[in-house]
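> Return a 3D structure for these sequence lines:
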Amino acid sequence: MPHTQVSDIQRDRAKQLRRAMTRAETLLWRHLKADRLAGLNFRRQAPIGSYIADFVAHACKLVVELDGESHDFEERIRHDERRDAWLESRGYRVLRFTNDDVMRNLEGVALSIAEAAEQAAPLSLALPRKGGGNPSAGASLTSDISGEEKP
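Okay, the predicted model is just below:
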């Protein structure tokens, strides 16, 4: 996937947000990191255009946003709608959960994310990422001059 240029300001802001994650973001991140959810590689506080997504899986173009109390105000709701529309215009699907959803029902949130990722994931015939596959499939038996088979 081609990368877009990220400004130094945007990069610094993303780093600040990673260091100051909410309790709900930290809890969800533990579920998402290290390919633990649906085998996807999620990034946290990732710049996309002029926005910073709480969590994103670029492989299936899925953005997960956690909303705290600040998202209850009309102005913030309109901003979120514009942001979601912009992300969707670039092919991303946006899932929104409240911090309270994560704190009360982490497993349900994780299941919703996994289902959305499964629906959004493109069909791929990609090879396993690190040393996967059947090790015996590559080994073949050969015969030497004496007729003995050797691996």
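
> what about the strands in the protein?
Listed in chain order, the strands of the chain (DSSP state E) span 43-48, 51-57, 62-67, 93-98, 142-143, 149-150.

> and residue 81, how many neighbours does it have?
Other residues near residue 81 number 10, with proximity taken as other C-beta atoms under 10 Å. (C-beta placed from N, C-alpha, C; glycine too.)

> Sorry, wrong one. I was asking about residue 65.
When neighbours are counted by other C-beta under 10 Å, residue 65 comes out with 19.

> returning to that earlier point: dump the strands of the chain to TSV, plus distance to residue 32 and mean pLDDT.
TSV is the format used below for these (distance: least, C-beta to C-beta, whole Å; pLDDT from 0 to 100):
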stretch	distance to residue 32	mean pLDDT
strand 43-48	8	90
strand 51-57	6	92
strand 62-67	8	94
strand 93-98	12	95
strand 142-143	46	44
strand 149-150	46	49
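
> In TSV: these, plus distance to residue 31.
Formatted as TSV, the strands of the chain follow (distance: least, C-beta to C-beta, whole Å):
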stretch	distance to residue 31
strand 43-48	12
strand 51-57	10
strand 62-67	10
strand 93-98	12
strand 142-143	47
strand 149-150	47
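
> nearest to residue 81, of those strands?
Closest to residue 81 of these, according to C-beta to C-beta: strand 93-98, at 10.2 Å.
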